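Visitor: coords please:
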Amino acid sequence: MPTIITHAAVPLCLGLGLGRKTIPPRLLLAGIALAMLPDADVMALLRWQLRRRAT
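Guide: Model (predicted):
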């Protein structure tokens, strides 16, 4: 199952494979951030659960 880190592997590999002239660094970072976005809900849920247990 993909994790938040492995989602970034696809745009990272494409960026490194095609080079800076084809994919600018800012676009590469945007692609990595957007690839990780589907797992943001999981991170928010974990944070909420940790806060709930602390109280």
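Visitor: And residue 35, how far from residue 18?
Guide: 16 Å (Cβ to Cβ, to the nearest Å). (C-beta placed from N, C-alpha, C; glycine too.)
Visitor: Which one's more surrounded, these two?
Guide: In this view residue 35 and residue 18 are compared by other Cβ atoms under 10 Å, and residue 35 has more residues nearby, 18 against 11.
Visitor: what's the helix or strand containing that one packed up against?
Guide: Following DSSP states H and E, one finds residue 35 within helix 25-36. In terms of contacts (3 or more Cβ pairs under 8 Å, 6 or more residues apart in numbering; DSSP states H and E), helix 25-36 is packed against helix 4-7, helix 9-18.
Visitor: Let me know the average pLDDT across that helix.
Guide: Taken as a whole, helix 25-36 carries a mean pLDDT of 91.
Visitor: immediately after that helix, which helix or strand?
Guide: Sequence order places helix 40-54 as the next helix or strand after helix 25-36, per DSSP H and E.
Visitor: That next one to helix 25-36, inter-axis angle?
Guide: Counting by axes from the mean of the first three to the mean of the last three Cα atoms, to 10 degrees, helix 40-54 lies at 60 degrees to helix 25-36.
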